[in-house]
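Participant: Sequence and predicted structure are below.
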Amino acid sequence: MFVDTVIEDKALHKPVFLIGLSLTVLAIFFALNFTNTLFGEFLRPVIGDPTESGFFGRFAVSLVLTIIFVVNLFVISFFKLKVQVAIVWVELFLLFLAFAYSFDLKMSFIQSRIPLMISRGLFTTIYISAISIVIATVIAIIGAIAKLSNNGFAYAISSFYTSLFRGLPLLLQLFLIYKGLPQLGFMVDAVPAAITALSLCYGAYMTEIFRAGIQSIPRGQWEASRALGFKFNLILRKIILPQAIPIIIPPTGNQFIAMLKDSSLASVLGVWELMYLARTLGQRDFRHMEMLLTAAMIYWALTIVLEVIQARIEEKYKQKS
Amino acid sequence: MDTKTNIPNNTEMTPVISLKGVNKWYGDFQALSNIDLEIKLKEKIVICGPSGSGKSTLIRCLNRLEAHQEGTIHVSGIELHERMKDIDVVRQDIGMVFQSFNLFPHLTVLENCMAGPNWVRGVDKSKAKERAILMLEQVKIPEQADKYPDQLSGGQQQRVAIARSLCMQPKVMLFDEPTSALDPEMVSEVLETMIELAKSGMTMICVTHEMGFARQVADRIVFMAEGEIVEQSSPEEFFNNPQHERTKVFLDQILE
């Protein structure tokens, strides 16, 4: 993005903005009413019993929260960008922890279940996603080339495919494959059914990404290649795809990340992946939040790993060109 | 170093390229009308005319980057038509230089030059490299061999594009406004390269507005307007004694 070279005054350093912001935030906090949460508890010395503090308590809690919020913003505004980012990340993470903590989690319960969640759940999630990603990529390359070809059959099949599989909810596709195929005489297990549905669905999305990537290469590259006497396959393999891949990588990375999380839909078929275990392990002891939050953290960590990998690959291609 | 070329050898008498009654339309718009043209081996032709006169379309029909709809185009005796099987064989023998260079940005200068011979002519890598370096020396930028096209100036890129075409050992070179996209100070280096090439006896067909180049190099100047060849003559005739009113108007405008 282009950042202008002229520095504007920070809005946070203008009194009018500060006052306006404070009043707005105060109104929002007041409307949301945090009196009966942890924050009310902290103010017990001032407002007495939160549940009976009434209008005064509600206002006092909102005011204190507003002051903390605005002062926090004001202080952060004096730091450099990188420091700002770090501080805000830490603060938001702490808020998330506070959110999790407010459920009165039983850590020993998490610790006793985590080995199974990782050895069975995480493992299954990763291998379903990994296989699906490979198949989806192959489908996408073939689909994109078919969509760009002059062959009527290829174009028709490919466009019908992308239209159908982008047009149905993934969950519905999953059921159609898992429940439908056995009725036609093809027995499918839950895992292959999940892989098939994920591959077909994401293959359809990625077909469009690959097609757009290939089409974004200037016409002149085709013309120069044709003028040298190159044939279609050679042009595609040696000239077009190497230039299209750096363009394709960022949106494809997004698809990979989305697919990783959509693999959780396999849980409805009873596949023992992360989501399924998160739902079932906690059920018996009514410890839902423990398991759901654990699964959430594992998914999040996996996504961060994928984001880092994606950034690395993008960086590599940037250096090359 | 000798590579087999695909087009049979011509004597100086028979035309390398001949067009008879060529017509081409884009929808209702007639881009080329009734083009008759013969180009002999080692001849240097400059095609000029106002923009939209069909000169680029004409030159792009010669290696069938564009399709003509009526008439015949023969290149070394091979007719170009939509059902031909060996268009790539013909194209390998016709070099083309574009206005926008069209170098392959993901390949180094050297790899750009080696690609054609290595991938489609079946020349092995070491020989292709040898020839590429020779051609880069001919266009006077051997020191840029390991750079990527984006790292070069426009003039350098266009010279690489010329070298890339020459590596295929073409029989004919087509130039489609090779200096139009260049900064003014880079035009001369590209023209010099083209003049050198002309001296070496290459058959050249150039669409260009560089009248100095036309005067110096062309055996024949073809003037086009509205898809037709209005007149063709030697440079002396063309500049000193133009026959048609349109040619006079064009020359007045361009030589002001």
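Facilitator: Yes, it's here.
Participant: how many neighbours does B:Leu182 have?
Facilitator: B:Leu182: 21 surrounding residues under other CB atoms under 10 Å in any protein chain shown. Backbone N, C-alpha and C define where each C-beta goes, glycine included.
Participant: Kindly report the same for B:Val187.
Facilitator: 20.
Participant: Confirm that it sits in a helix.
Facilitator: Yes: counting by DSSP: H, G, I helix; E, B strand; the rest coil, B:Val187 is found in a helix.
Participant: in the stretch 151-256 of chain B, which spans are helices?
Facilitator: Per DSSP state H, counting those that start in this stretch, the stretch 151-256 of chain B carries helices over the ranges B:154-166, B:184-199, B:211-217, B:235-240, B:245-254.
Participant: As CSV, these with mean pLDDT and distance to chain A would be great.
Facilitator: Below are those laid out as CSV (pLDDT from 0 to 100; distance: least, CB to the nearest CB, whole Å):
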stretch, mean pLDDT, distance to chain A
helix B:154-166, 95, 8
helix B:184-199, 93, 17
helix B:211-217, 92, 22
helix B:235-240, 92, 28
helix B:245-254, 91, 26
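Participant: Quick check: which of those helices is buried the most?
Facilitator: helix B:154-166 (a mean of 25; mean count of other CB atoms under 10 Å in any protein chain shown).
Participant: Give the other helices and strands that it contacts.
Facilitator: Judged by 3 or more CB pairs under 8 Å, 6 or more residues apart in numbering or on different chains; DSSP states H and E, helix B:154-166 is in contact with strand B:94-97, helix B:109-120, helix B:125-138, strand B:172-176, helix B:184-199.
Participant: tell me the angle of that helix relative to helix B:184-199?
Facilitator: Helix B:154-166 and helix B:184-199 are oriented at 20 degrees to each other (axes from the mean of the first three to the mean of the last three CA atoms, to 10 degrees).
Participant: Any idea which helix or strand in chain A has the lowest mean pLDDT?
Facilitator: Every helix and strand in chain A was compared by mean pLDDT, DSSP states H and E; the lowest is helix A:38-42, with a mean of 81.
Participant: what does that helix rub up against?
Facilitator: Here helix A:38-42 makes contact (CB atoms under 8 Å, 6 or more residues apart in numbering or on different chains) with A:34, A:47, A:50, A:53, A:57, A:61, A:64-65, A:98, A:102.
Participant: again, only using 10 Å
Facilitator: Here helix A:38-42 makes contact (CB atoms under 10 Å, 6 or more residues apart in numbering or on different chains) with A:29, A:33-35, A:47, A:49-51, A:53, A:57-58, A:60-62, A:64-65, A:68, A:98, A:101-102.
Participant: what's the helix or strand just after it in contact with?
Facilitator: Of the helices and strands lying after helix A:38-42 in sequence (DSSP states H and E), the nearest is helix A:44-47. Contacting residues not belonging to helix A:44-47 are listed as A:35, A:40, A:50, A:53-54, A:56-61, A:64 [CB under 10 Å, 6+ apart].
Participant: Per-residue pLDDT of B:Glu12, please?
Facilitator: B:Glu12 carries a pLDDT value of 55.
Participant: quick one: contacts for the residue in the stretch 51-200 of chain A positioned nearest to chain B?
Facilitator: At 12.5 Å from chain B, A:Asn150 is the closest residue in the stretch 51-200 of chain A, using CB to the nearest CB. The contact partners of A:Asn150, by CB under 10 Å, 6+ apart, come to A:Phe232.
Participant: Likewise for A:Gly203?
Facilitator: A:132-133, A:135-143, A:161-162, A:165, A:210, A:255.
Participant: Out of the residues you listed, which end up buried?
Facilitator: Among the contacts of A:Gly203, those buried by neighbour count (16 or more other CB atoms under 10 Å in any protein chain shown) are A:132-133, A:135-137, A:139-143, A:161-162, A:165, A:210, A:255.
Participant: what about the strands in the stretch 201-321 of chain A?
Facilitator: Taking DSSP state E, counting those that start in this stretch, the stretch 201-321 of chain A contains no strands at all.
Participant: returning to that earlier point: out of the helices and strands packed on helix B:154-166, which gets nearest to B:Asp28?
Facilitator: Across those, B:Asp28 has its closest neighbour in strand B:172-176 (24.6 Å, CB to CB).
Participant: Which secondary structure elements does the closest one sit against?
Facilitator: Packing partners of strand B:172-176 (3 or more CB pairs under 10 Å, 6 or more residues apart in numbering or on different chains; DSSP states H and E): helix A:219-227, strand B:15-26, strand B:44-48, helix B:55-61, strand B:94-97, helix B:154-166, helix B:184-199, strand B:203-207.
Participant: List only buried entries from the contacts of helix A:38-42.
Facilitator: Applying 16+ other CB under 10 Å to the contacts of helix A:38-42 flags A:29, A:34-35, A:47, A:50, A:53, A:57-58, A:60-62, A:64-65 as buried.
Participant: Filter these down to the ones in helices?
Facilitator: Of the buried ones among the contacts of helix A:38-42, the ones assigned to helices by DSSP state H are A:29, A:47, A:57-58, A:60-62, A:64-65.
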